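K.L.:
Fold the stuff below for me.
(2 chains, ligands or ions: 1)
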Amino acid sequence: MIPAPFDYKRAGSAAEAISLIGQYGDEAKFLAGGHSLLPMMKLRLAQPAVLIDIARITDLSYIRESGDHIAIGALTRHHDVENSPVLKQHVPLLAHAASHVGDPQVRHRGTIGGSIAHADTASDLPATTLALGATYVVQGPNGTREIAAKDFYKSYFESDLAPDEMLTEIRVPKMNGAGWSFQKFNRRAQDWAIVGVAAWRRGNESGVGLVNMGPTPILASAVSSAIAGGASVADAAALATAESSPSSDLNASAEYREHLAKVLVRRALEQSSN
Amino acid sequence: MGGSILGERVLRKEDPKFLTSGGKYVDDLLDEPLLQGALHVTYARSTVAHGRINSIDTSEAAGMPGVVAIFTAADLGLQPVPSSFNPAAARTLLASDKVRYVGEPIAAIISETREQGEDAAEMVFADYDVLPAYTDMMAAMAPDATLIYEACGSNIVFDTTALGIPANTGDDFFKDCEVVVRGEFMNQRVAPCPLEVRGSAVAWADGRLHQWISTQHAQGAHAPVAATNGVDPSQVRILTPDVGGGFGAKIGAYPEELLLGVLSKRVGKPLRWRESRSESMVALGHGRAQFQRVVIGGSRDGKVTHYQLHAFQDSGAFVDMGTILAPFMTRPMSSGVYAIPNIECHTTSVVTNTTPTVAYRGAGRPEATAAIERAMDLFAYEIGKDAAEVRRMNLIPKFMEPHTTVVGQTYDVGDYEESLNRALAAADYAGWRRKQAERRASGNVKQIGIGVSVYVEITGGVGNGEQAKIEILDDGSALVYTGTSPHGQGHATSWAMLASEKTGIPIDRIDLVWGDTDLTPVGSGTMGSRSLQQGGNAVYSVAGTLVEKAKAVAARLLEANEADIVLDTDRAVFHVAGTPAVTKTWADLAVAEKANGGLSHDEYIGVPGATFPFGSHVAVVEVDTETGKVTHIAHTACDDAGRVLNPMLLEGQIHGGVAQGAAQALLEEVAYDGDGNPITSNLADYAFISAAELPSVTVVHMETPTPVNLIGAKGIGESGTIGSTPALQSAVVDAVSHLGVRNIEMPCTPQRVWAAIAAAKK
Ligand SMILES: Cc1cc2nc3c(=O)[nH]c(=O)nc-3n(C[C@H](O)[C@H](O)[C@H](O)COP(=O)(O)OP(=O)(O)OC[C@H]3O[C@@H](n4cnc5c(N)ncnc54)[C@H](O)[C@@H]3O)c2cc1C
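P.N.:
Purely as a prediction, here's the structure:
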């Protein structure tokens, strides 16, 4: 429960953070809210030699309306996402999903950027932003690039982010009055989801993101295609696991996860369709 | 005369401290003079569940920054220490020839800081010949199983047949029964999870060992600590700082604590040791872990006449207290609250390659209750009668004289039916049954389940009484010395209430001393819900005697006849009857007695036996039949603990007990993989319950005083846990029983509930 020794550097800006990580290379890790990284370090599952603290880059903590989308700074805490009037108005699904992350302590520390960069399939915000068709903005030594959420997640804790790149902004399309639902299935209030579903629907358009149903968060495209093709909610939900490949663990077998995904997608769509 | 303080909802004296500046736990002993310059101890632990040790290489760790010394069993010349429950099971305090579970200490690292110790522990390399690891008792009992303790000749380390109790007979036992139902239940292994993990600190001064331990029983640690250090017990002082919970797991002294004095002597420095949560999850004793085979038989109209229980107790990798809970706690209570004329109960304790089991809130009685309650439910289903009604038909009728069951256990007093009536009424049992019927009729996805359990348990089974001393200080305040050991229960408040009742000294002028073997050398600690009925009883009695002593002093000072002296407890003054204006205060008397060694009284007050609190719990759950998720929506507890000293403390014990019981029913389970690696060794994987998972608990009061002690009190510390677990499990099964489900193993996880529904549909 005590991390291995490490060095600590504090970055004052994104540029400084990127230059520092360039300097230390693979040995180094960004430290944002620390609520995924530090537990792994305490269990000695991660042993970075250097931590580059980016949590105090305050100009990367913001939520702004910007045309057809909302721009969220990567260092914005879950608590601020949860309580943002702008998000509540334009992307209520994301604000609501943030309110389900861990407990108040976690939400006051953890950041949306850290959650997405960590690329944990069991986390709530990767699947939610995926369902919403978000775009992630990353900055590296050679400038910035944009990655669509659907192209970002590669495997367990692996993303398209290069080790010397930093996630700086999350752009989430406005929901424009779409119906939505967030179904988090867990055993205890503060737990990660055994299975989670983030869904929205506007007429025949929809987006469904699955939490913990495979190595990455999953976009249930077959469900959305079925809805687009006029299928009933029940029929569409039956396709919930078309893209998934869940694993078995202490809480749930793969088979049970698949069952849950179908039930929860159906419930989410029912709620979104009202 | 003002009213008695006994029975009042007195706020806990200790709470301002705990809620503000915090208590002083082992880790907070920073300004303790004897501990200045202390080094830190970290134990390197076994990473395999069962293996023969070829070598332990500490050379690399020894060169790590801040490492002062490293010791293995060989370095210390440790000799095997036999279990007190089966001497053939002997182990060295650091593993020497074999390791028997993941987490067993194999080397002690002394370092300047705690962090350095943890870094060095990763660099201790042991070479093992890996042996088959048994996490399952049945596998460990197989005839060809590798022996965990060769000297035991078997992995069965304790069996009631060795006590001369015949093994259970076969089906013949039930030949006169119209209905016979069988069940197999796993009362799963759980982790006690006190908020404060284990910790200890030691210092040698003038040839004497001073050891602070986070313990429930300092006096119990005294002799083993002295023996481990090879010194006379007079050379050891055990001290107990504030203790953040124990739940039974901190009763005994562990190897990690016993060795500290030896290590300190080697390095010539005081030492501190504090385990991490991850260590605590694998090296602090576990609870429960009992597999039960039950058969219940009776008549079709609902009368239970025969009951057979074979309890298999998982001892874990040592023969610790867990081993003897099945024969000496579960077996005597196997009849529960029921008048069953024929009972057979056999218990078999088995060592496995898992964390040793110890006492855990209820310790053997929850297992007894769970077995009979589950059996009652199965019986009720079989004959198609309401579970509460079948229980009522079989209850032992109210008794105010001792009652002995067929297994030979004598209960003090009981009125089980009244507790059942009160709980059912307060819970609106009939109303919930109506709601359940509506939901069933409408085919609602969310079904309601109602579970009832009626229990009796044994408290104060440890110790034959308790020591108490009350000393009046010059300012008229009092110090109460007790042999009990509060670690959350509120003794500072309740013992002050008892002393105040007799002496009139206000409770804020009464302080408590405990857990220091120099100041309180005699004591049986706090365990088995014994404290109030033995420790509190002693304080109450001693306070009474002290008042008589004080009257003699007052008579002398007031130049009156002792018989004419009265104590006005409202003003806490003594005067001659009829002349209340001329008084002597406690301070006056204490000062006057200084020359005679002070005003105090110190006495061991015996009690004739254990007490048998009882009660009924009604749990209501809502089960999502599509996902299997269980929500605990209502809970009513009518626990009769005899005379209630402070209802607020009683309710606190019930609330906490219900939470812990619900946790076992719905959430918590220690799990291992096939190689014996623990896979629930942190609080993310181990589903420790939180307030969000619990309903408000309705507490229904009922008081049937026991004649066994002066106060009339029985224990309440474990009742909530004992009553709630079977009620909850029963409620979950009840919610889906109309679908054909008859049993769901604990913890009733969503996956298990879903699987049970799916299986019943097939
Ligand atoms: C008790 C507990 C319960 C939790 N429950 C939930 C839950 O229910 N649902 C849920 O979704 N999450 C949960 N979490 C995780 C929490 O949401 C984390 O805060 C979040 O996943 C990571 O964000 P962070 O800012 O803390 O990142 P950190 O832990 O600081 O970093 C995580 C990883 O991302 C990298 N990183 C961080 N920021 C950036 C960036 N801007 N650019 C590039 N790389 C970056 C780090 O180097 C590190 O590898 C829980 C955590 C805890 C401790």
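K.L.:
Can you check the distance spanned by stretch B:394-411, start to finish?
P.N.:
One end of stretch B:394-411 to the other measures 17 Å (C-alpha to C-alpha, to the nearest Å).
K.L.:
Is the longest helix along chain A in proximity to chain B?
P.N.:
Taking DSSP state H as the criterion, chain A has its longest helix at helix A:254-272. Yes: using C-beta under 8 Å from any C-beta of the partner chain, helix A:254-272 reaches chain B at A:256, A:259, A:260, A:263, A:264. For every residue, glycine as well, the C-beta is placed using N, CA and C.
K.L.:
Residue numbers of chain B in contact with chain A?
P.N.:
Neighbours of chain A within chain B, by C-beta under 8 Å from any C-beta: B:114-115, B:118-119, B:122, B:276-279, B:626-627, B:629, B:667, B:671, B:679-680, B:682, B:684-685, B:687-690, B:692-693, B:749-751, B:754-755.
K.L.:
quick one: which of those residues sit in helices?
P.N.:
Mapping the residues of chain B next to chain A onto helices (DSSP H) picks out B:114, B:115, B:118, B:119, B:277, B:278, B:279, B:750, B:751, B:754, B:755.
K.L.:
Counting by contacts, list what the longest helix of chain A packs against.
P.N.:
The contact analysis (3 or more C-beta pairs under 8 Å, 6 or more residues apart in numbering or on different chains; DSSP states H and E) places helix A:254-272 against strand A:179-185, strand A:195-202, strand A:205-211, helix A:221-228, helix A:233-237, helix B:750-761.
K.L.:
Residue B:675 and residue B:132, how far apart?
P.N.:
Taking C-beta to C-beta, to the nearest Å as the measure, residue B:675 falls 10 Å from residue B:132.
K.L.:
ok, back up a step: now the residues of helix A:254-272 next to chain B as a markdown table including pLDDT and neighbour count?
P.N.:
What follows is those, written out as a markdown table (pLDDT from 0 to 100; neighbours: other C-beta atoms under 10 Å in any protein chain shown):
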| residue | pLDDT | neighbour count |
| --- | --- | --- |
| A:256 | 98 | 23 |
| A:259 | 98 | 22 |
| A:260 | 98 | 30 |
| A:263 | 98 | 22 |
| A:264 | 98 | 28 |
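K.L.:
Could you find the closest non-adjacent residue to the spatially most central residue of chain A?
P.N.:
The centre of chain A sits closest to residue A:126, judged by C-alpha atoms, centre = their mean, with a distance of 1.9 Å. Leaving aside its chain neighbours, residue A:126 sits nearest to residue A:217 (4.3 Å; criterion: C-beta to C-beta, 6 or more residues apart in numbering or on different chains).
K.L.:
count of neighbours near that neighbour?
P.N.:
Residue A:217 has 30 neighbours, counted by other C-beta atoms under 10 Å in any protein chain shown.
K.L.:
surely it meets residue A:127?
P.N.:
Yes: counting by C-beta atoms under 8 Å, residue A:127 is a contact partner of residue A:217 at 3.7 Å.
K.L.:
So for these two, which residues contact both of them?
P.N.:
Common contact partners of residue A:217 and residue A:127 (C-beta atoms under 8 Å, 6 or more residues apart in numbering or on different chains): A:121, A:209, A:210, A:211.
K.L.:
Can you report how many residues lie near the second one?
P.N.:
For residue A:209, the tally of surrounding residues (other C-beta under 10 Å) stands at 30.
K.L.:
Run a quick neighbour tally on the closest residue to it other than its chain neighbours.
P.N.:
Take residue A:209 and drop its neighbours on the chain: the residue closest to it by C-beta to C-beta, 6+ apart is residue A:131, 3.1 Å away. By other C-beta under 10 Å, the residues close to residue A:131 number 31.
K.L.:
Just list the residues touching residue A:131, thanks.
P.N.:
Residue A:131 makes contact with A:93, A:198, A:199, A:200, A:207, A:208, A:209, A:219 under the criterion C-beta under 8 Å, 6+ apart.
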